[in-house]
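A.B. asks: Mind looking at a prediction? Sequence and model below.
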Amino acid sequence: MSVLLPGSIQRVLVTGGAGFIGGAVVRRLLNESQIQVFNLDKCGYASDLTSIGEHERHHLLRVDLSDAEATAAAIRQADPDLVMHLAAESHVDRSIDGPGVFVSSNVLGTFNLLQAVRSHWEQLPTERQSAFRFHHISTDEVFGSLEEHGRFSETTAYDPRSPYSASKAASDHLVSAWHHTYGLPVVLTNCSNNFGPWQFPEKLIPVVILKAVAGEPIPLYGDGGNVRDWLYVEDHVDALLLAATRGESGRSYCVGGSGERTNKQVVESICALLDQRRQSSAPHAALITPVTDRPGHDRRYAIDPSRIQAELGWQPQHSFDQALAQTVDWYLAHLEWCAEMRQRSGWSGERQGLKAGHHSQ
Ligand code: NAD
Ligand code: TDX
């Protein structure tokens, strides 16, 4: 779905635009509007700009949000009408092995950004000031873990359980506090698991595709019965653009595609898609291997998206099965990109997230 930007928005700052979801936001803004897009990113291990390419309205600001001065200078340079804040360390397993960078990027980084944006917003002329928005992009993981029944909504109490989700919850609280205390016009969204092209290949779906293609064991954590509520990334981008441009200041919106699946179901679906696409001596599902569970593994996430559907008219446009098939095809056509990303990051596909007993930063 195409979301029209109001004329008051001429300059958008996207943080984390060199990442998976931020990249999809940047591409959409460049392709479907005439605005200037400022992409603030530290260009970390999960970053890549191939999907954006060279574009005269795309301005990369290579900045680490944990650096307050550099962040403030970037905001002055971008002079934004809208900030979409996606930059964050995003992988739960990495947060178990090394939580420190999650606190510096997600908590301190959001604090630095809020301070810089607040100062910018306070100095804007009245018309631009009243149209301004700070959109904070968050996750359903801040709500904790569900058992078999129920879904998360905007009124669910926060109950984060991993260093990653705790850092995201902290950043949500900071954003909310800057709204209530300083009057900063903010919108929050909390979305479920995304999938699609250009996702760094350490998340479940690309891990399974790459392991299966390599004929290596496909690691299924615990009993494989954990449930995630999957959403195709372009449907998330639709929701983000609606919330950023039409969301009510001070309000949060839960985003999810009613795509609940157990991990075992997801892994088996990918294996079945690969069986149709690639010759192998045995069905790919024979590679599925139960492995030690993730410490503190949340059992189930599910989102009730009624608010964003009723108030902003959002509807996901992709079915899980169709989007999963497209995603599998995309990864099969981009195996070299995956190899290059792994190599550049210094991580070659080994298990992460088991160092709960070690005390690493
Ligand atoms: P990603 O890891 O692919 O990209 C994150 C980007 O942020 C990277 O390019 C990274 O370099 C940048 N970044 C991290 N720390 C930074 C810092 N200190 N300064 C500047 N840049 C920094 O992550 P993603 O999957 O695209 O997630 C984007 C956002 O959406 C995150 O805030 C995440 O919490 C949220 N989210 C993700 C999902 C999901 O399923 N992937 C679901 C819901 C919400
Ligand atoms: O190899 C694996 N085997 C496995 O069984 C991996 C990498 C994961 N899993 C399981 C763990 C989870 O139950 O699959 C599920 C999905 O795992 P991840 O892809 O790591 O995602 P998750 O931990 O659910 O978090 C994701 O969704 C919410 C994103 O990484 C977050 O950034 C987002 O906020």
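C.D. replies: That came through, no problem. Ligands and ions are numbered 1, 2, ... in the order given.
A.B. asks: how distant is stretch 10-29 from the center of its chain?
C.D. replies: 11 Å (Cα atoms, centre = their mean, to the nearest Å).
A.B. asks: near ligand 2, which residues of the stretch 51-200 of the chain show up?
C.D. replies: Near ligand 2, the residues belonging to the stretch 51-200 of the chain are Ser90, His91, Val92, Thr139, Glu141, Asn193 when assessed by Cβ under 6 Å from any ligand atom. All C-beta spots, glycine's among them, are computed from the backbone N, C-alpha and C.
A.B. asks: Just those residues: which are in strands?
C.D. replies: Among those, the residues falling in strands (DSSP state E) are Thr139.
A.B. asks: Which of the residues of the stretch 51-200 of the chain next to ligand 2 fall within helices?
C.D. replies: Val92 (DSSP state H).
A.B. asks: ok, and which of the residues of the stretch 51-200 of the chain next to ligand 2 reach ligand 1?
C.D. replies: Answer for these near ligand 1 (Cβ under 6 Å from any ligand atom): Ser90, Thr139, Asn193.
A.B. asks: coming back round to it: mind giving me the ChimeraX command for buried ones among the residues of the stretch 51-200 of the chain next to ligand 2?
C.D. replies: To isolate the buried ones among these in ChimeraX, judged by 16 or more other Cβ atoms under 10 Å, type:
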select :90,91,92,139,141,193
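A.B. asks: Which one of the residues of the stretch 51-200 of the chain next to ligand 2 is nearest to Tyr331?
C.D. replies: Asn193 (16.4 Å; Cβ to Cβ).
A.B. asks: Give me the pLDDT for the closest one.
C.D. replies: You'll see Asn193 listed with a pLDDT of 98.
A.B. asks: quick one, longest helix in the chain?
C.D. replies: The chain, longest helix under DSSP H: helix 163-182.
A.B. asks: For the residue nearest the centre of the chain, which three-state class applies?
C.D. replies: Centroid-nearest residue in the chain: Ile21, 5.1 Å away (criterion: Cα atoms, centre = their mean). Classification of Ile21 using DSSP: H, G, I helix; E, B strand; the rest coil returns helix.
A.B. asks: measure it to Leu61 for me?
C.D. replies: From Ile21 over to Leu61 the distance is 18 Å, taken as Cβ to Cβ, to the nearest Å.
A.B. asks: can you tell me the residue of this structure closest to ligand 2?
C.D. replies: Thr139 (3.1 Å; Cβ to the nearest ligand atom).
A.B. asks: Next up, the contacts around Ile209.
C.D. replies: Ile209 makes contact with Pro201, Ile270, Leu274, Val328, Tyr331, Leu332, according to Cβ atoms under 8 Å, 6 or more residues apart in numbering.
A.B. asks: Roughly how far does the residue of the chain most remote from its centre sit from Asp275?
C.D. replies: Computed with Cα atoms, centre = their mean, the residue of the chain farthest from its C-alpha average is Ser281, at 36.3 Å. Separation of Ser281 from Asp275 (Cβ to Cβ): 12 Å.
A.B. asks: which outside residues touch stretch 304-320?
C.D. replies: If you take Cβ under 8 Å, 6+ apart as the criterion, stretch 304-320 is touched by 1, 151-154, 189, 230-232, 234-235, 238-239, 242-243, 246-248, 253-259, 261.
A.B. asks: and with 7 Å instead?
C.D. replies: Stretch 304-320 has contacts (Cβ atoms under 7 Å, 6 or more residues apart in numbering) with 1, 151-154, 230-232, 234-235, 238-239, 242-243, 246-247, 253-257, 259, 261.
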